[in-house]
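K.L.:
Here's my sequence, what's the structure:
(chains A and B)
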Amino acid sequence: MNKGSKELTKGFFKENPIFVLMLGLCPVLGVSTQVSNAIGMSAGVLFVLLFSNIIISGLRHVIPPSIHIPAYIVVIATLVTITEMVMHAFVPAVYSALGVYLPLIVVNCIILGRAEAFASKNTIVDSILDALGMAIGFALGLTLIALIRELFGSGTITLFPMGDFSGVINIPWFYDNPIRVLSLAPGALLIMGFLKAFFDWNSSRKKDR
Amino acid sequence: MNKPTLTVSSSPHLHAKTDTASIMWSVSIALTPAVLWGVYVFGIRSLLVLGVSIITAMVCEYFLGRLYKESTLWDGSAFLTGLLVGMNMSPSIPLFIPCIASVFAIFVAKWVFGGLGANWANPALSGRIFVFFSFTTPMSSFVAPRTLASVLPDALSSATPLSLSKTAVSGGTLGLDGSSLLSSMGYPATDLAQNISAMTGISAFTIDTFLGNVAGCIGEVSSLALLIGGIYLLARQIITWHIPVTYLLSTALLSWMFGGIPSGLGLFGGSFLSSMFSGGLMLGAIFMATDYVTSPISHKGQFVYAIGCGFFTFLFRYFGSMPEAVSVSILLMNIFTPMIDRYIIPRKFGDTRELRKKQKEARA
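P.N.:
Residues are numbered from 1 along each chain as shown, chains lettered A, B, ... in the order given. Model prediction:
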């Protein structure tokens, strides 16, 4: 495998931002109540991460090291504001569901973490690949948690309405008997913990072999 | 050849027969009167509920024990957890709910943290809280006990007396204490309780809650049956009196002093006895709060723990918006147990204040 594809795929599983790096957990716990929210959040993170990595990587020789964090925050905050306005204009339902977590992308550890750890030291192409990989890994993890929580916690799977399809799939038995705790805050921590344990166990098992 | 008359071995030299299994089975025996009473007043379906939760707990324990390569199936801990989960269920519960509660109790509350002895929360209570907040409606709809079935109106039988009086108080019925409030709503009392009430002057409702003639969970309606079990455990020296007595008394005292405030009776207007007998307090105080694993080790710590349980039970019962005061407060104090054990350390033998002062000076 060449270096480029490695930068891309490492974010999927090996360095998954949620389950391995444990970055950006605040939105993961907050918005994972519905699959549609998870997808909206992932889209926002993808956009911001991609462009912040591009810009910061491009400016890596320009930004003085002593003020690099404020400079990154300015870049990220600009991008987040753009995302927020676009979402407010085109997907108001997702915008209102995400609530405070959308502006909070500014201080999301994934964005700043990748800027600090990767984009400030690598070329633009590598940074783009890294951003895509990390964002996809984040999306996978977040959607997985949201899927489990919504399926068991409220018995539905909420996607986006398209044509005749209302966007909500009702799961027969769970819709009548939802395990409500899973869609509340303790459920997020429980599912997150169990998935983290599962992935850790899985990777340690691979290492042993 | 002479046999050696002196055996040299290392300590401990004194052995007691007590082990985990004997304790767990004794606690299960102590729960029998309450179980029998529950099955008698709520009918054979409650036996089914108990059976489902016990079997689920034991099956779960068997598979997890295999996974962890430990055989703890027959030490009775899973049986006891399942039994307690079942006793905490309404008799009319759909059967998948005790299943989920047992699985949560054994898997999440117990084995995830390393099995028996390593759990920080009481497994049965965690299971109950998990399903309570998941399936609130079936968990809080009850049936009338056999002894009151013919006289109890349907509208009153589906809730426990505690939640009935709470709803009435928050609905604006003020100036009545618990039992007169319930009788003003038409909550009946058994003839036996009325006779005893005429003799002793204690309200008939309080006597009915003591005897177990109210709607409620299978195992927690009869304080009398639970007290018999508690006395058996005290006599077998499986529990000490510190936690149950402190817990019951602190709840009752606080309820007597401040419990009348929400219903407009002012200070010292609450009921001392019925607060002690109603709800899950007796079951919680005798069987749940005294769990070895999740309660403090020293007696001083146990006092702190039990007073905390009592305080929170009182607080949730009279000023909280949800039921489940006892379960939530015991779980809350379970969380504080490691801290209590850390800060309240029993005095070492021979340790005095002067000695400690001297050691401190020597170090300085």
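
K.L.:
Give me every residue in chain B lying close to chain A.
P.N.:
B:94, B:96, B:100, B:108, B:130, B:133-136 (C-beta under 8 Å from any C-beta of the partner chain). To be clear about C-beta, it is placed using only N, CA and C from the backbone, and glycine gets the same treatment.

K.L.:
residues in contact with the closest residue to chain A within the stretch 251-364 of chain B?
P.N.:
Closest to chain A within the stretch 251-364 of chain B is residue B:331: 11.8 Å, counting by C-beta to the nearest C-beta. Shown in contact with residue B:331 (C-beta atoms under 8 Å, 6 or more residues apart in numbering or on different chains): B:121-122, B:125-126, B:129.

K.L.:
Could you identify the most distant pair in those?
P.N.:
By the measure C-beta to C-beta, B:122 and B:129 form the most distant pair in these, at 9.7 Å.

K.L.:
quick one: which of the two has more around it?
P.N.:
residue B:122 (28 against 24; other C-beta atoms under 10 Å in any protein chain shown).

K.L.:
Enumerate the positions of the strand or helix carrying residue B:83 that are buried.
P.N.:
Using DSSP states H and E, residue B:83 sits within helix B:77-87. Residues B:77-87 are the ones in helix B:77-87 that count as buried (16 or more other C-beta atoms under 10 Å in any protein chain shown).

K.L.:
of those, closest to chain A?
P.N.:
residue B:85 (15.7 Å).

K.L.:
you'd agree residue B:228 is up against residue B:31?
P.N.:
No. Using C-beta atoms under 8 Å, residue B:228 is not in contact with residue B:31, being 10.2 Å away.

K.L.:
tell me the mean pLDDT over stretch A:20-34?
P.N.:
The predicted model assigns stretch A:20-34 a mean pLDDT of 82.

K.L.:
For burial, what's the neighbour tally of residue B:195?
P.N.:
By other C-beta under 10 Å, neighbour count at residue B:195 equals 13.

K.L.:
Tell me how far it lies from chain A.
P.N.:
Distance from residue B:195 to chain A, counting by C-beta to the nearest C-beta, to the nearest Å: 44 Å.

K.L.:
try residue B:13
P.N.:
43 Å.

K.L.:
low-scoring stretches of the chain, by residue?
P.N.:
You didn't pick a chain, so chain A it is. Applying pLDDT under 70 to chain A flags the ranges A:1-2, A:163, A:209.

K.L.:
my bad, the chain I had in mind was chain B
P.N.:
B:1-4, B:150, B:152, B:154-158, B:172-179, B:186.

K.L.:
what residue is smack in the middle of it?
P.N.:
residue B:284 (1.2 Å; C-alpha atoms, centre = their mean).

K.L.:
For my notes, confirm it occurs in a helix.
P.N.:
Yes. Note on residue B:284: a helix contains this position according to DSSP: H, G, I helix; E, B strand; the rest coil.

K.L.:
and it, what does it touch?
P.N.:
Counted by C-beta under 8 Å, 6+ apart, residue B:284 has contacts B:125, B:247, B:309, B:313, B:326-327, B:330.

K.L.:
List the contacts of the residue of chain B found nearest chain A.
P.N.:
Going by C-beta to the nearest C-beta, chain A is nearest to residue B:134 of chain B, at 4.4 Å. Neighbour list for residue B:134: A:178-182, B:100 [criterion: C-beta under 8 Å, 6+ apart].

K.L.:
at 6 Å instead, please
P.N.:
A:179-181 (C-beta atoms under 6 Å, 6 or more residues apart in numbering or on different chains).

K.L.:
which stretches of chain A form strands?
P.N.:
A:156-158, A:168-170 (DSSP state E).

K.L.:
closest one to residue B:242 among these?
P.N.:
Taking C-beta to C-beta, strand A:156-158 is the member of the strands of chain A nearest to residue B:242, at 48.9 Å.

K.L.:
what about the closest residue to residue B:227 other than its chain neighbours, neighbour count?
P.N.:
Spatially, and ignoring its direct neighbours in sequence, residue B:227 is nearest to residue B:282 (6.8 Å; C-beta to C-beta, 6 or more residues apart in numbering or on different chains). Using other C-beta under 10 Å, residue B:282 has 30 other residues around it.

K.L.:
packing partners for the helix holding residue B:83?
P.N.:
helix B:20-42, helix B:45-67, helix B:96-103, helix B:123-134 (3 or more C-beta pairs under 6 Å, 6 or more residues apart in numbering or on different chains; DSSP states H and E).

K.L.:
which residue sits closest to the residue nearest the centre of chain A, ignoring its sequence neighbours?
P.N.:
Centroid-nearest residue in chain A, with C-alpha atoms, centre = their mean: residue A:138, separated by 3.7 Å. Counting by C-beta to C-beta, 6+ apart, residue A:138 lies nearest to residue A:17, which is 4.9 Å off, once chain neighbours are set aside.

K.L.:
After the helix or strand harbouring residue B:164, which helix or strand is next?
P.N.:
In this assignment (DSSP H and E), residue B:164 forms part of helix B:161-170. Next in sequence after helix B:161-170, counting helices and strands by DSSP H and E, comes helix B:178-184.

K.L.:
The helix or strand following that next one: which residues count as buried?
P.N.:
Sequence-wise, the next helix or strand downstream of helix B:178-184 (DSSP H and E) is helix B:191-200. For helix B:191-200, the neighbour count (16+ other C-beta under 10 Å) marks B:193, B:196-197 as buried.

K.L.:
any idea which of the contacts of residue B:284 is closest to residue A:87?
P.N.:
residue B:327 (41.6 Å).

K.L.:
Please list all residues in contact with residue B:88.
P.N.:
Counted by C-beta under 6 Å, 6+ apart, residue B:88 has contacts B:128, B:217.

K.L.:
tell me the phi and psi of it?
P.N.:
Residue B:88 has phi and psi values of phi -90, psi 10 when expressed as degrees, to the nearest 10.

K.L.:
how near is it to residue A:207?
P.N.:
As judged by C-beta to C-beta, to the nearest Å, residue B:88 and residue A:207 stand 42 Å apart.

K.L.:
Likewise for residue B:283?
P.N.:
Distance from residue B:283 to residue A:207, by C-beta to C-beta: 47 Å.

K.L.:
now residue B:321
P.N.:
Applying C-beta to C-beta to residue B:321 and residue A:207 gives a distance of 49 Å.
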